[in-house]
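**Student:** Quick one: sequence plus predicted model below, questions after.
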Amino acid sequence: MKKKEEKSEEGIVRFLDAATVSGVYSVKTGYAVLIQQLPAQTADPFWKTLWSLPLQPKWKLFLWKLLHNGLAIKSELHRQGVPIQDVSCDLCGAQTEDFNHLFRECRIARAAWRGGCLNIHSQLHGYHSISDWIQYYIRLLISQDGISSSNISTFVGTLWALWLFRNNRVFNPDTPVIQPVGLYIFSILQTHIVFMDTDTTTTISPSSTIQEGLPPPGFHVAHLGISRTGTLFVQLQIDGAWYKDTRHAGIGWCVDNANPLDDRIIGGSNFGLCTSALHSEALAFLYALQWASDCHIHSARLFSDSYNLVTLLRGDGRGDIGILWLVQQIQCLGSTFQHCEIYKADRNRVHRAHQIAGEAAVLFIRFNSTML
């Protein structure tokens, strides 16, 4: 038996030596010969596409684990023999936590997909596995907008946000959930933009330009409320962002934080198509005032970097009939407040609202957080 093994090993060595150009065996040449003997396998092109997506590395790794059922989902841990007493979903408590439920069928997941800019009905194509469902949408988004589409970032970012949202509930069960999932997704996508170093300010047309002879910031004001006197105001910064080539627009508004270390966003954003930067700015005012009214705010001080819009709200100047109609709507809504002051400010004063509007225009983000 031993002689047969020795002869077999000698035969393999002679075969490997003969297969090399020099006739001298090495580990490298042996590996190359053995690889040639393996049957040809066709690699799935999707994996090559996955690693080439313009996403954060941790997002790619997360997506790869998700597509291979490699996340620590309760049902998967239970299947592998990990003793888990309760396998129900921590977000809704209604069903078993498996991959399809957590990322598609849970009411939190459904609200996240329907409320986002992609407007995905996650319960459609229910017969697909979570892997097939994700691959279908990524291929679809690539076919529509290319591999650099911001919609792909929004899609994968929503999956990542749902996973983090779930983990926060699992590992911090006593912490009250203050931030809604839509705002949570917005924060995740905002962080992704910073990480990928996407500079939206170079492509989005500003809502106003600096002109000579204008009054300094804070001295150009429109009074729309019932009374012009008051001391306690909720201060809002408002801005609109507009792409001239595509006419895509984003609007954003937020309450000034008294604490500079408080990074919560109390306000909202929306997106759509506009005819001009002034148009997007006017829509931002209309949405912001409606939001303030819904939050039962009676005295508001609003800041904008658009001189032209403040001028129109004062009743001065001329504009397009569509803009004038919006101005009338803003004036009508502002007249329902006890105090409503709108100030022309510089860009730094509305920096946060400018960021929200820019990201809404780029990523098609819509969210609304109410006053506590």
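**Tutor:** Thanks, I have the structure now. Residues are numbered from 1 along each chain as shown.
**Student:** hey, where'd the helices end up in the chain?
**Tutor:** 2-19, 27-37, 45-52, 57-67, 74-79, 99-100, 107-115, 130-145, 150-171, 181-196, 277-294, 307-313, 321-334, 351-363 (DSSP state H).
**Student:** can you put these in JSON lines and add mean neighbour count and distance to Ala241?
**Tutor:** Bear in mind the C-beta positions are built from the backbone N, C-alpha and C, glycine included. Compiled in JSON lines, these are given as follows (neighbours: other Cβ atoms under 10 Å; distance: least, Cβ to Cβ, whole Å):
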{"stretch": "helix 2-19", "mean neighbour count": "11", "distance to Ala241": "64"}
{"stretch": "helix 27-37", "mean neighbour count": "11", "distance to Ala241": "53"}
{"stretch": "helix 45-52", "mean neighbour count": "12", "distance to Ala241": "29"}
{"stretch": "helix 57-67", "mean neighbour count": "16", "distance to Ala241": "25"}
{"stretch": "helix 74-79", "mean neighbour count": "16", "distance to Ala241": "42"}
{"stretch": "helix 99-100", "mean neighbour count": "20", "distance to Ala241": "37"}
{"stretch": "helix 107-115", "mean neighbour count": "18", "distance to Ala241": "21"}
{"stretch": "helix 130-145", "mean neighbour count": "16", "distance to Ala241": "19"}
{"stretch": "helix 150-171", "mean neighbour count": "20", "distance to Ala241": "14"}
{"stretch": "helix 181-196", "mean neighbour count": "18", "distance to Ala241": "13"}
{"stretch": "helix 277-294", "mean neighbour count": "23", "distance to Ala241": "6"}
{"stretch": "helix 307-313", "mean neighbour count": "23", "distance to Ala241": "14"}
{"stretch": "helix 321-334", "mean neighbour count": "17", "distance to Ala241": "17"}
{"stretch": "helix 351-363", "mean neighbour count": "24", "distance to Ala241": "4"}
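**Student:** Format those helices as JSON lines; extra columns: distance to His223 and mean pLDDT.
**Tutor:** Below are the helices of the chain laid out as JSON lines (distance: least, Cβ to Cβ, whole Å; pLDDT from 0 to 100):
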{"stretch": "helix 2-19", "distance to His223": "90", "mean pLDDT": "52"}
{"stretch": "helix 27-37", "distance to His223": "79", "mean pLDDT": "69"}
{"stretch": "helix 45-52", "distance to His223": "55", "mean pLDDT": "87"}
{"stretch": "helix 57-67", "distance to His223": "48", "mean pLDDT": "93"}
{"stretch": "helix 74-79", "distance to His223": "57", "mean pLDDT": "90"}
{"stretch": "helix 99-100", "distance to His223": "55", "mean pLDDT": "92"}
{"stretch": "helix 107-115", "distance to His223": "36", "mean pLDDT": "85"}
{"stretch": "helix 130-145", "distance to His223": "45", "mean pLDDT": "89"}
{"stretch": "helix 150-171", "distance to His223": "40", "mean pLDDT": "89"}
{"stretch": "helix 181-196", "distance to His223": "32", "mean pLDDT": "74"}
{"stretch": "helix 277-294", "distance to His223": "14", "mean pLDDT": "92"}
{"stretch": "helix 307-313", "distance to His223": "9", "mean pLDDT": "90"}
{"stretch": "helix 321-334", "distance to His223": "9", "mean pLDDT": "85"}
{"stretch": "helix 351-363", "distance to His223": "21", "mean pLDDT": "87"}
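**Student:** what would the ones you listed look like in TSV with distance to Gly240?
**Tutor:** Output for the helices of the chain, formatted as TSV (distance: least, Cβ to Cβ, whole Å):
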stretch	distance to Gly240
helix 2-19	69
helix 27-37	59
helix 45-52	34
helix 57-67	30
helix 74-79	44
helix 99-100	39
helix 107-115	21
helix 130-145	23
helix 150-171	19
helix 181-196	17
helix 277-294	3
helix 307-313	9
helix 321-334	11
helix 351-363	6
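**Student:** so which of the ones you listed gets nearest Ile342?
**Tutor:** helix 307-313 (5.7 Å; Cβ to Cβ).
**Student:** Which strands or helices does the closest one pack on?
**Tutor:** strand 221-223, helix 277-294, helix 321-334, strand 339-344 (3 or more Cβ pairs under 8 Å, 6 or more residues apart in numbering; DSSP states H and E).
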